[in-house]
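Student: Need coordinates for the following:
(2 chains)
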Amino acid sequence: MTSREKILAAVRQNQPAASSLPPMPTSTTFDEQPLERFETILTGIGGRVIHVADLGEVSRYVEVHYPHPLRVITTLPELAGVAETNWTAYTPHGLADVELAIIRAHFGVVENGAVWLTEALLGQGDALVRAVPFIPQHLAVVLNQADLVPTMHHAYARIGHENYNYGVFVAGPSKTADIEQSLVLGAHGPKTMTVFLVSL
Amino acid sequence: MNHPELAEQFNRDEARVDWHDETLWFVRQKRDKAAHSLPEWETLRETASQIKHNVLGNLADYLVQFEQNALANGVQVHWATNAAEHNQLVHQILLDNQVDRMVKSKSMLTEECHLNDYLAQQGIDVIDSDLGERIVQLAGEAPSHIVLPCIHWKKEEIGALFHQHLGTEAGCADPQILTGAARLHLRDTFLTRRLALTGVNFAIAETGEFVVCTNEGNADMGVHLADVHIASMGIEKIIPRREHLGVFLRLLTRSATGQPITTYSSHFRRPRPGQTMHLILVDNGRSVQLGRDDFRNSLKCIRCGACMNTCPVYRRSGGHSYQSAVAGPIGAILAPNLDMTKHADLPFASTLCGSCTNVCPVKIDIHQQLYKWRQVLTQEGQATTAKTVSMQAMNAVLSNRGLYSLAGRVGRQLMRWFPALVSNKLNPWYTHREMPEPPKESFGEWYAKHRKP
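Tutor: Predicted structure coming up:
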């Protein structure tokens, strides 16, 4: 008998009578004032929100805060003036010196300040680099303010049966409180996480 | 040494125990604040518990469904009946890839299997990348808490440890600077390791994907920079559908630390081009626990640690006193399943106050199970001799009316005339308590006196 057969046989013999699945809960707790609450909650977990009217404003922000020679990469062709767009040929190791990465998110979640990314957003075509949200010193995410859902229930309803290879909810900068419960931003991943909320 | 002896040792430094107690209570309070902010909290707990109940009743089918989908996704699936087999599988994958150095993110299962010790014996270098785990690893210790591995360490001690191992300035105890030093050290590790091992928080039967939650980003940093990803999971981590993550991710971190969600909730479905992904499904006693009517609910656990943070015994005895990878109330019902003799002390490490049950996000009846384990262990002859003898004596006295009144009279007289007989070091009850003033007469005597016509 293989280990697989042994385990499955033991489980079949010992598992209790089957019960049905409960209905999925619904929630209206985060329906009101989504923009304000998303910003408050994301700020509360160490992230920040910058309201912009268009991507031109993002470009100007990057120009001022991440001047040459700091390495800035992006997946948005509209930001080519202030960031590299031809970096997808690199291995993930080739991005170890990136100061700021600017990427798009599918949507944000009001109740926890998270944004949902899938592999398809982390590069172009087949040249996709899953390390992009993790390896830079700072992360910026462009999100349309219309793309906010109230809770994780709404988030998974929106994701549905999408056939992604890799997906991740990112909520704020990388953090740890392992030393005497003192919160430190920037454990291994980005030290800051900025969401550009685009109003148009 | 057993739990009471190790707890006594931990309690010798009173100031430190108070600090440990207060730190964990602070985490518990953050949990309360997060839980109370959701009016639907109790519905979420009940739903999570019912989903897990459905999983336990259909586990074999869900495992097969998960395996099929994971294989179709290009993930290599392995099965391990016990810890030794799991460790050998990991070692074989390392050998197949000619790798002798790996990076690991948090996995309580690998602690349970003592993977690090096994791999060290095989000449494999393992670096734990979670900051707390790295700290205890450098110190040659096991984590003392499943979510907060070095909750028992003071920053000054971590500073001294880092000075020795990472070259930080002597006397530096600033969490910001110490974390920065670990960041540099571990970034170098991530960039140079070809194999990364992670745990699994949830595995989805309908899609074959698995979810790993971290705040630091260490699981993703390891995996996305490595050629080989090994994920180790206990067979009870399965949930039926992707939408069920909505329930569990809302509960997990709010219960653990009071955060609304972990910083990263990563959904691994297919390896990236050129990468290989292995998934090891581990039983190691879980199928046995599944067959115990009174204890199978313990398999619903999502490892949030809320029961530890609230437990008056855990907070004052420290995680190491449990001598089990998972400590605290949940550990005390999981461990005896693995080894009844070795862990017979744990179900007694509780006041049965029920606080653990009240905070559990999947509504495990933890304190009831602790009480039931005590009965099982006593019937199996695993209770200590002192406990067995005193229970037998009590049984003899309480089941004989004459003997009961006589013992009461003698006891009261002795306590009055020779208080040192009971108020001394040989009486364990007296160690932490004042003995009561003995009454002049029993209620029975008083009643007999006043009711006489």
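
Student: okay, and for chain B, where does confidence drop off?
Tutor: Chain B contains residues with pLDDT under 70 at B:453.

Student: Phi, psi for the most centrally placed residue in it please.
Tutor: Nearest to the mean C-alpha position of chain B, by C-alpha atoms, centre = their mean, lies B:Val326 at 2.7 Å. Torsion angles at B:Val326 (phi, psi; degrees, to the nearest 10) stand at phi -100, psi 120.

Student: Then A:Leu139?
Tutor: phi -120, psi 140.

Student: contacting residues around it?
Tutor: Contacts for A:Leu139 (C-beta atoms under 8 Å, 6 or more residues apart in numbering or on different chains) come out as A:100-101, A:103, A:133, A:170, A:173, A:189-190, A:192-194. No exception for glycine: its C-beta is placed from N, CA and C like everyone else's.

Student: Provide a list of residues in contact with the spatially most central residue of chain A.
Tutor: Geometric centre of chain A, nearest residue: A:Val170, 3.3 Å, by C-alpha atoms, centre = their mean. By C-beta under 8 Å, 6+ apart, the contact list for A:Val170 reads A:105, A:114-115, A:117, A:133, A:139, A:141, A:193, B:263-264.

Student: ok, now with 10 Å
Tutor: A:47, A:103, A:105, A:108, A:113-117, A:133-134, A:139, A:141, A:189-190, A:193, A:195, B:217, B:220, B:261-266 (C-beta atoms under 10 Å, 6 or more residues apart in numbering or on different chains).

Student: related to what we said a few turns ago, B:Arg303 is in contact with the residue nearest to the centre of chain B, correct?
Tutor: Yes - if you go by C-beta atoms under 10 Å, B:Val326 and B:Arg303 touch, sitting 7.5 Å apart.

Student: what do these two both touch?
Tutor: Common neighbours of B:Val326 and B:Arg303 (C-beta under 10 Å, 6+ apart) are B:108-109, B:146.

Student: List just the nearest of the residues you listed to chain A.
Tutor: Nearest to chain A among these: B:Ile146, at 12.9 Å, using C-beta to the nearest C-beta.

Student: hang on, the earlier thing: I'd like to know which of the contacts of A:Leu139 are part of strands.
Tutor: Mapping the contacts of A:Leu139 onto strands (DSSP state E) picks out A:100-101, A:103, A:170, A:192-194.

Student: Take those residues and write them to a markdown table, including pLDDT and distance to B:Asp96.
Tutor: Formatted as a markdown table, those follow (pLDDT from 0 to 100; distance: C-beta to C-beta, whole Å):
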| residue | pLDDT | distance to B:Asp96 |
| --- | --- | --- |
| A:Leu100 | 98 | 38 |
| A:Ala101 | 98 | 34 |
| A:Ile103 | 98 | 35 |
| A:Val170 | 98 | 33 |
| A:Thr192 | 98 | 40 |
| A:Met193 | 98 | 38 |
| A:Thr194 | 98 | 42 |
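
Student: Now for those residues, which sits with the most neighbours around it?
Tutor: Neighbour tally across those (other C-beta atoms under 10 Å in any protein chain shown): the maximum, 31 neighbours, falls on A:Val170.
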